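Trainee: just to be clear, the model below is a prediction. Sequence and coordinates:
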Amino acid sequence: MRFPFRLSASLFKARVSSLFAGASAAQPIFRLNSCITHLTARQRLDENSTELEWHSPEECADRVRAISSPVVWLGGTDPLLHPEIGKAVDAIVETGRFVFVHASGYYLRQRIHEFRPDSRLFLVLELAGREESHNRAVGLADAFHRSMEAFRAAKLSGFLVAAHVTVTAETDPCDIGELIEFLDKKDVDGFMATASRHLDPSIQRNLEDSRSLIRFRSWERFSALLDASYAQPAPAKLVAPGENVFEEGD
């Protein structure tokens with residue numbers, strides 16, 4: 001597990017720029033979430049409808065060009081539910097940003113062909129822990145197995161693949177430690193742990209313990225930046241179907 005040098009340099013540049021921009025500085029990580037974009041997607045007023053209305057990948061890229069953040073995080077409801085997610089990711093990557101596609105992993109293997117490997121693109125699998133913990137959190141007996149199939153397919157296809165854990169009061173840091181060791185043996189490219197609710201004191205100890213188990217300072221600090229990027233934090237949800245402080249290496 002290494003932290004890409006170009007990503008480190010981009011975050012350092014953003015940090016230096018923020019010293020001069022002050023309060024007007026952009027966050028280093030720009031979130032496109034389910035309320036705004038999911039590639040600027042808008043759910044129909046009928047709450048029972050599964051149809052989504054999508055803006056074009058080109059418009060999504062235009063929105064990204066309007067901000068200075070070096071990292072774009074596509075999260076919220078599983079981005080793989082978006083019919084044009086592959087084209088949208090390509091369009092954002094072409095702006096020169098680093099793109100993190102945060103997905104449950106349940107659909108990734110079937111849609112991997114819609115993406116193109118790139119040194120600026122990370123496919124991020126949401127996991128709740130080892131197999132039993134993850135399956136229980138998602139509510140599907142095969143959820144962990146499907147995620148590992150997706151992980152293997154993505155790695156064989158040449159993608160950078162990272163894992164993300166949303167820490168809650170129920171999270172067992174020992175289970176997270178075992179998950180990190182398990183994925184490290186499979187050549188995971190990054191690991192992040194963030195809070196289910198921003199700065200919730202009730203989970204602070206769990207968050208600190210889980211994050212310390214990553215054992216790669218740059219990914220620990222990236223996790224902290226990711227936490228800080230929440231504009232209006234909401235509990236994260238696993239979706240079932242339906243100082244340059246960033247140093248390369250460690």
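Mentor: Received the coordinates, thanks. Nothing here was measured: the structure is a model prediction, and the numbers come from that model. Residues are numbered from 1 along each chain as shown.

Trainee: for this protein, which residue occupies the most central location?
Mentor: Nearest to the geometric centre of the chain sits residue 102, at 3.7 Å (Cα atoms, centre = their mean).

Trainee: what score does that one have for pLDDT?
Mentor: pLDDT recorded at residue 102 is 92.

Trainee: which is the next helix or strand following the longest strand belonging to the chain?
Mentor: Determined from DSSP state E, the single longest strand within the chain is strand 160-167. Next along the chain after strand 160-167, taking DSSP states H and E as the criterion, comes helix 173-185.

Trainee: and residue 157, how far from residue 137?
Mentor: Residue 157 sits 27 Å away from residue 137, going by Cβ to Cβ, to the nearest Å. Backbone N, C-alpha and C define where each C-beta goes, glycine included.

Trainee: these two: which has the busier surroundings?
Mentor: Under the criterion of other Cβ atoms under 10 Å, the comparison of residue 157 against residue 137 puts residue 137 first, with 21 against 15.

Trainee: okay, strands next: where are they in the chain?
Mentor: 29-32, 41-43, 52-54, 71-74, 98-103, 121-126, 160-167, 190-195.

Trainee: of all those strands, which lies closest to residue 180?
Mentor: With Cβ to Cβ as the measure, strand 190-195 is the member of the strands of the chain nearest residue 180 (5.8 Å).

Trainee: tell me what the closest one is packed against?
Mentor: Packing partners of strand 190-195 (3 or more Cβ pairs under 8 Å, 6 or more residues apart in numbering; DSSP states H and E): strand 121-126, strand 160-167, helix 173-185, helix 204-212, helix 217-228.

Trainee: now with 7 Å?
Mentor: Under the contact criterion of 3 or more Cβ pairs under 7 Å, 6 or more residues apart in numbering; DSSP states H and E, strand 190-195 touches strand 160-167, helix 173-185, helix 204-212, helix 217-228.

Trainee: could you export that strand as CSV, CA atoms only?
Mentor: Coordinates of each C-alpha in strand 190-195 appear next as CSV, following Å, rounded to 0.1, in the frame of the first residue of the first chain:
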residue,chain,number,x,y,z
GLY,A,190,-5.3,2.4,-0.1
PHE,A,191,-7.4,2.2,3.0
MET,A,192,-9.6,4.9,4.6
ALA,A,193,-11.7,5.1,7.8
THR,A,194,-14.1,7.9,8.4
ALA,A,195,-16.9,8.7,10.9
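
Trainee: and for it, what's in contact with it?
Mentor: Outside strand 190-195, the residues that touch it by Cβ atoms under 7 Å, 6 or more residues apart in numbering are 1, 122, 162-167, 176, 180, 183, 203, 207, 210-211, 214, 219, 222-223, 226-227.

Trainee: which secondary element of this protein has the worst mean pLDDT?
Mentor: Here the helix or strand of the chain ranked lowest by mean pLDDT, DSSP states H and E is strand 41-43, holding a mean of 38.

Trainee: any weak-confidence spans in the chain?
Mentor: Across the chain, the ranges flagged by pLDDT under 70 are 20-26, 33-55, 197-200, 231-250.

Trainee: what about the longest helix in it?
Mentor: The residue-count maximum for a helix in the chain (DSSP state H) belongs to helix 5-21.

Trainee: list the buried residues of that one.
Mentor: Across helix 5-21, burial judged by 16 or more other Cβ atoms under 10 Å covers 7-8, 10-12, 14-15, 18.
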